[in-house]
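Trainee: 3D, please:
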Amino acid sequence: MDRHRRPVKKSGAPRRPPPIARERTLDFDDLIYGIHAVGEALSAGEALRVVHVALDRSKDAGLRALLAHAKEREVRVRFEPRGFFERVPFKAHQGVVAVGQPFEYASLHDLLARPRDPGRLRLIVVLDHLTDPHNVGAIIRTAEAAGADGVVLPARRSAGVNATVRKAAAGAAAHIPIARVPNIADALRAMKKAGIWIAGADLGEAALTLTAADFSRDLALVLGAEGAGLSTVVRRECDYLVRLPMRGRVASLNVSVAAAILIYEALRQRECSLRP
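Mentor: Next up, the predicted model:
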C-alpha cells in the first residue's frame, strides 16, 4: 500500500468541524435583577424576553409565584448554572435576572396630559442631574409609593433608568411615568405654563423651612445633584425654595432621604386639606 495515499473516507461528504456554540450576550442596561424587581416587572406587564433563574433555585418555594406569573405571561424561563450569573456585574441578583426591552420613557407632554381625578392635585418629582443610580431608584420608589404623577430626569449627565435604578426602585419604575428631557429648565417652564408651581430643595437661608412651605397646590418638587445641589439656572426657575431643618452637626441629608421627607410632606398637607 502506498503510504502517501490518503485513506478513502467511508462517507462521501467531508466531515465538518462541530459548530462553535455562541455564547449568549447580555445587555446590562436591559437587565432587571432580583426577585422583587423581576416580579414587579411581570406584574406591570413589561415586555420581558426571558427570565434566567439559577438552577439550584428551581424548586425554591419563594420563586413559585414568580415562575407561575412568568408562565401565565408566556415569558420564557431558563434555568442556568451558577456560572451564568458570574457574567452579571450586579451582586444582588438573588439568582434571578430578566432581560427586558430598553426602558420606555414617557414624554413630558404625555406626563402633563395624564388624566386625573377631579380636584386631585398633581405632584411631579424632578431630578436635576443626579448621577447615583441608587439615589435615583430610591426616589422613584418613594414617588410611586406616595402616588406622584411622574418623575422627570435630564437626558444627559444623569443616571437613566438602568438595571441598578430598577433594582433600587424595587419594581416602582414599572408603575410610574418617567420622562427624560433635553433641558430641565425648559421642562420647568413648560410645567409653569401648565399651572404647576415649582418648589426647589435648597440649603440656603433664603429658602422656606419645611413647616412654612405650602405644598397644597399642583406642584413639582425639584431635587439637586448630590453635593452640588440645584444648578443656578434651575434655581432661577423655582417659584420658591424649601429647606429641611438641620438641628444636628451634619450639614445635609442624603438626597433620597430629603426627597422622601418632602414628598410625604406634600402628601400629608394634601390629605389634611381634605379633612372636614
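
Trainee: which other helices and strands contact the longest helix seen in the chain?
Mentor: Longest helix in the chain by number of residues, with DSSP state H as the criterion: helix 255-273. On a contact count with 3 or more C-beta pairs under 8 Å, 6 or more residues apart in numbering; DSSP states H and E, helix 255-273 meets strand 123-128, helix 133-145, strand 197-201, strand 219-224. The C-beta positions use only the backbone N, C-alpha and C, and glycine is treated the same way.

Trainee: Figure out which of these is closest to residue 209.
Mentor: Closest to residue 209 of those is strand 197-201 (C-beta to C-beta; 12.0 Å).

Trainee: The helix or strand that comes right after the closest one pairs with which strands, parallel or anti?
Mentor: The element immediately downstream of strand 197-201 (helix or strand, assigned by DSSP states H and E) is strand 208-209. According to DSSP bridges, strand 208-209 forms sheet pairs with strand 240-243 (parallel).

Trainee: Okay, buried residues for the strand it pairs with please.
Mentor: 241, 242, 243 (16 or more other C-beta atoms under 10 Å).

Trainee: ok, now which ones touch the second one?
Mentor: The reference is to residue 242. With contact taken as C-beta atoms under 8 Å, 6 or more residues apart in numbering, residue 242 is in contact with 199, 200, 201, 202, 207, 208, 209, 210, 213, 262.

Trainee: which one is the second one nearest to, not counting chain neighbours?
Mentor: Read that as residue 200. residue 238 (3.7 Å; C-beta to C-beta, 6 or more residues apart in numbering).

Trainee: List the contacts of that neighbour.
Mentor: 188, 198, 199, 200, 202, 222, 230.

Trainee: Kindly reformat those residues as a markdown table containing pLDDT.
Mentor: Converted to a markdown table, the contacts of residue 238 look like this (pLDDT from 0 to 100):
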| residue | pLDDT |
| --- | --- |
| 188 | 97 |
| 198 | 97 |
| 199 | 96 |
| 200 | 95 |
| 202 | 90 |
| 222 | 97 |
| 230 | 92 |
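
Trainee: Just the buried residues of stretch 185-201, please?
Mentor: 185, 187, 188, 191, 194, 196, 197, 198, 199, 200, 201.

Trainee: Repeat that for stretch 100-118.
Mentor: 100, 103, 105, 106, 108, 111, 112.

Trainee: Strands along this structure, start to end?
Mentor: 31-33, 48-54, 76-80, 96-100, 123-128, 150-154, 178-181, 197-201, 208-209, 219-224, 240-243 (DSSP state E).

Trainee: May I see the ones you listed organised as JSON lines, with distance to residue 65 added?
Mentor: Converted to JSON lines, those look like this (distance: least, C-beta to C-beta, whole Å):
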{"stretch": "strand 31-33", "distance to residue 65": "16"}
{"stretch": "strand 48-54", "distance to residue 65": "13"}
{"stretch": "strand 76-80", "distance to residue 65": "13"}
{"stretch": "strand 96-100", "distance to residue 65": "12"}
{"stretch": "strand 123-128", "distance to residue 65": "30"}
{"stretch": "strand 150-154", "distance to residue 65": "28"}
{"stretch": "strand 178-181", "distance to residue 65": "26"}
{"stretch": "strand 197-201", "distance to residue 65": "38"}
{"stretch": "strand 208-209", "distance to residue 65": "45"}
{"stretch": "strand 219-224", "distance to residue 65": "35"}
{"stretch": "strand 240-243", "distance to residue 65": "41"}
